[in-house]
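Quick check, what structure comes out for this input:
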Amino acid sequence: MSKSNKKVKKSTTIHDIARELNISASTVSRSLNNHPGTNSRTKNLVRKTAKKLNYNFNSLASRLRSGRSHTIGLIVPRVDREYFSNVIYAVETYLYERGYHVLICQSNENFEKEKASFQTLLRNNVEGLVVSISAETTDSEIMEGIIARGTPLIQFDRVLKKVKGHKVMNDNFGAAYDAVKHMIDQGYRKIVHYAGPQHINIFEDRFLGYKQALEDYGIPFLPELVIQNGVTKEDGENITTQLFTKRGCADAIFASSDYSALGAMIRLNEMGYTIPDDVGICGYANEPFTELFGLTSIDQFSTEMGKTIAKTLVESIEENDTAYIPKTIIIAPKLIPRKSTLRKDGGGIDN
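Okay, here's the model as predicted:
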């Protein structure tokens with residue numbers, strides 16, 4: 001047979017799948033697009049038949065026809081932190097089950113890179129945006145512009161409070177207060193705070209919780225016991241070397257980060273201090289290594305945070321109400337006491 005007479009094989013369409021299963025083409029389309037209104041049994045059957053018939057699903061064409069991208073943009077400072085990776089996993093899992101895909105960017109704590117990520121995601125026609133701001137971010141113009149154009153945006157964890165949009169946050173003040181109260185209950189009286197950058201809301205709130213707990217339990221607040229920029233392991237090591245050369249300068253550390261707490265723990269051991277008898281240490285975030293080192297920390301419930309973010313975003317995208325009412329959702333963290341603060345005698349404070 002000559003080449004010109006050779007039959008060209010027709011591509012499989014959704015109508016072929018519909019005829020095969022004796023269902024409507026619209027049901028096939030909804031199943032292939034993972035529409036939340038279609039039951040899982042039908043979705044699985046449609047996908048299995050599509051594979052058998054060698055159906056080539058053109059998701060881009062489908063999105064263009066519907067006028068929707070079913071794509072979400074997510075920007076975080078660092079993807080290599082347990083907290084952020086857990087949030088990303090929970091957001092992506094929840095959204096995928098509802099027919100959305102997630103594009104992930106990291107700012108690496110750089111405002112210009114964060115700004116470029118916003119612009120790239122908007123060019124990709126995302127239907128909503130999720131962001132935890134970088135350490136350098138103080139300018140709210142781009143986020144306010146996104147909200148003004150009607151694109152749903154949710155800030156989480158690190159936020160600019162002046163932006164009038166949805167926020168999903170931890171109660172950093174309350175968690176810090178509970179941590180310092182716990183240390184006071186264990187008998188510690190001179191508690192130093194390794195603080196984070198105070199222009200970032202989470203570190204400001206942790207400092208304020210620390211300060212309020214001291215005041216409520218009758219312990220003088222000493223500004224010299226608040227050490228700025230103490231969030232990395234190296235920060236913890238360096239601050240501890242300088243501060244604890246003189247014994248008696250402090251008997252406990254409340255660190256705004258598990259990493260600086262870990263650095264402090266390593267250096268104190270090298271300097272001959274006994275933990276928790278000489279010095280108690282509490283971190284923040286409940287990173288995986290905290291259990292291994294017996295480090296008291298604070299669980300931020302990152303998976304619950306991610307699900308809450310995703311649920312709030314889907315509601316914002318799919319609700320028909322045009323009245324925009326920003327809401328702030330607070331998730332309460334939990335103190336996880338471990339041996340780094342638990343003295344043998346239990347300490348305590350008279351009430």
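
was I right about Leu243 contacting Val192?
Yes. Under the criterion of Cβ atoms under 8 Å, Leu243 makes contact with Val192 at 6.6 Å. The way it works is simple: take the backbone N, C-alpha and C, and place the C-beta from them, glycine included.

Now for these two: what residues contact both?
Jointly contacting Leu243 and Val192 under the rule Cβ atoms under 8 Å, 6 or more residues apart in numbering are 227, 249-250.

pLDDT weak spots in the protein?
For the chain, residues meeting the criterion pLDDT under 70 lie at 1-10, 34-37, 57-67, 320-324, 344-351.

before we move on, back to that, please indicate which of the shared contacts of Leu243 and Val192 are buried?
Burial by neighbour count, 16 or more other Cβ atoms under 10 Å: within the shared contacts of Leu243 and Val192 this picks out 227, 250.

quick check, nearest of the shared contacts of Leu243 and Val192 to Lys311?
Distance to Lys311 across these (Cβ to Cβ) is lowest for Ile227, with 38.4 Å.

gap between the closest one and Lys307?
Counting by Cβ to Cβ, to the nearest Å, the gap from Ile227 to Lys307 is 35 Å.

With His193 instead?
31 Å.

More neighbours: those two, which one.
His193 (26 against 17; other Cβ atoms under 10 Å).

Enumerate every residue touching that one.
Shown in contact with His193 (Cβ under 8 Å, 6+ apart): 207, 210, 225-227, 253-256.

at 7 Å what do you get?
207, 210, 225-227, 254 (Cβ atoms under 7 Å, 6 or more residues apart in numbering).

mind checking the SS state of it?
At His193 the chain is in strand, as set by DSSP: H, G, I helix; E, B strand; the rest coil.

ok, which stretches of the stretch 1-150 of the chain are helices?
Per DSSP state H, counting those that start in this stretch, the stretch 1-150 of the chain carries helices over the ranges 14-21, 25-32, 40-52, 59-66, 82-96, 111-123, 141-148.

Looking at those, spot the one closest to Val159.
helix 141-148 (9.6 Å).

Toward the C-terminus from the closest one, list the very next helix or strand.
Using DSSP states H and E, the next helix or strand after helix 141-148 towards the C-terminus is strand 153-156.

If you count contacts, what does that following strand end up packed against?
strand 128-131, helix 141-148, strand 166-170, helix 302-318 (3 or more Cβ pairs under 7 Å, 6 or more residues apart in numbering; DSSP states H and E).

May I have the strands that pair with that strand, each with its orientation?
Here strand 153-156 has these sheet partners by DSSP bridges: strand 128-131 (parallel), strand 166-170 (parallel).

which residues are contacting that strand?
Under Cβ under 7 Å, 6+ apart, the answer for strand 153-156 is 129-133, 143, 146-147, 163, 165-169, 305, 309, 312-313.

Selection in PyMOL covering whichever of these are buried, please.
In PyMOL, this line selects whichever of the contacts of strand 153-156 come out buried by 16+ other Cβ under 10 Å:
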select buried, resi 129+130+131+132+133+143+146+147+163+165+166+167+168+169+305+309+312+313
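
For the helices and strands packed on strand 153-156, could you give me JSON lines that also reports distance to Tyr55?
Below are these laid out as JSON lines (distance: least, Cβ to Cβ, whole Å):
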{"stretch": "strand 128-131", "distance to Tyr55": "29"}
{"stretch": "helix 141-148", "distance to Tyr55": "36"}
{"stretch": "strand 166-170", "distance to Tyr55": "38"}
{"stretch": "helix 302-318", "distance to Tyr55": "27"}
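
Identify whichever of the ones you listed lies nearest to Leu121.
strand 128-131 (6.4 Å).

chain center to the closest one, what's the gap?
Strand 128-131 sits 12 Å away from the centroid of its parent chain (Cα atoms, centre = their mean, to the nearest Å).

do stretch 223-239 as well
Averaging C-alpha positions (Cα atoms, centre = their mean) puts stretch 223-239 23 Å from its chain's average.

quick one on the thing from earlier: any chance of the strands paired with strand 153-156 in CSV, with distance to Cys282 too?
Converted to CSV, the strands paired with strand 153-156 look like this (distance: least, Cβ to Cβ, whole Å):
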stretch, distance to Cys282
strand 128-131, 29
strand 166-170, 16
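
count of neighbours near Gln119?
Close neighbours of Gln119, defined as other Cβ under 10 Å, add up to 11.

measure it to Lys113 for me?
Taken as Cβ to Cβ, the span from Gln119 to Lys113 is 11 Å.

Neighbours of Lys164, how many?
Lys164 has 13 nearby residues by other Cβ under 10 Å.
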